[in-house]
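Q: here's a sequence, model it:
(chains A and B)
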Amino acid sequence: DILLTQSPAILSVSPGERVSFSCRASQSIGTSIHWYQQRTNGSPRLLIKYASESISGIPSRFSGSGSGTDFTLSINSVESEDIADYYCQQSNSWPTTFGSGTKLEIK
Amino acid sequence: EVQLQQSGPELVKPGASMKISCKASGYSFTGYTMNWVKQSHGKNLEWIGLINPYNGGTSYNQKFKGKATLTVDKSSSTAYMELLSLTSEDSAVYYCARGGYDGEMDYWGQGTSVTVSS
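A: Coordinates of the predicted model:
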């Protein structure tokens, strides 16, 4: 199975700052990476698909980049409502797998 | 509006089996696959498997073969996951999630909490 490593486990930023989340795959997966946000007691919500494709209804401050093994999710100007866990998922290789997540805290 | 409505929380005894439902609305049920995902300890997400409601075809994560059985009822646009021979390791929140065309999961149910305890 492909292992997705997300780092760091926790990110702490001030409102208005830019933040980036890292996801590294154990082997090349092209751009078959998708990003999700999960707020406390909520379900995962799709933010970005295929590394950089935007999703309808998701604020434009969310963006994604990367290919091969290294991927990044960025939030341009963090807001308090962005407090959540963020997960990556790969769909290049069966079975699909998820990263262990990064928690975003607001200072 | 796409919605996936899951059945309520469950408390079950070790060794028992149970079934979770996921009722879909707001889209063509047979036009998309349905995934099932396990979240343990409020953190780790694991893909259990998926079912194609159009023809009932299934694909399982090897880890969950023999543990989960996926079915659908097209007449009610409902997907089901049966969990077998439950142990404490099966205590988790289980989600159904619609499969997008690029491997993503674009809509998720609210989750069903399963607690296995005597």
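Q: for the residue in chain B that chain A sits nearest to, the count of nearby residues, please.
A: In chain B, the residue that lies nearest chain A is B:Gly103 (2.5 Å; CB to the nearest CB). For glycine as for every other residue, the C-beta is placed from the backbone atoms N, C-alpha and C. For B:Gly103, the count of nearby residues is 18 (other CB atoms under 10 Å in any protein chain shown).
Q: chain A contacts on chain B?
A: B:37, B:43-47, B:59, B:61-62, B:95, B:97, B:100, B:102-111 (CB under 8 Å from any CB of the partner chain).
Q: so which of those are in strands?
A: B:Val37, B:Asn44, B:Leu45, B:Glu46, B:Trp47, B:Ser59, B:Tyr95, B:Ala97, B:Met105, B:Asp106, B:Tyr107, B:Trp108 (DSSP state E).
Q: buried among the residues you listed? Make that a PyMOL selection.
A: A single PyMOL command selects the buried members of those (16 or more other CB atoms under 10 Å in any protein chain shown):
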select buried, chain B and resi 37+45+46+47+95+97+105+106+107+108
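Q: so among the ones in strands among the residues of chain B next to chain A, where is pLDDT lowest?
A: Lowest pLDDT within those is found at B:Asn44 (93).
Q: which residues are in contact with that one?
A: Contact partners of B:Asn44, counting by CB atoms under 8 Å, 6 or more residues apart in numbering or on different chains, are A:Phe98, A:Ser100.
Q: may I have the beta-bridge partners of the spatially most central residue of chain B?
A: By CA atoms, centre = their mean, chain B has its centre lying nearest to B:Trp36, at 3.6 Å. With DSSP bridges as the criterion, B:Trp36 is bridged to B:Gly49, B:Cys96.
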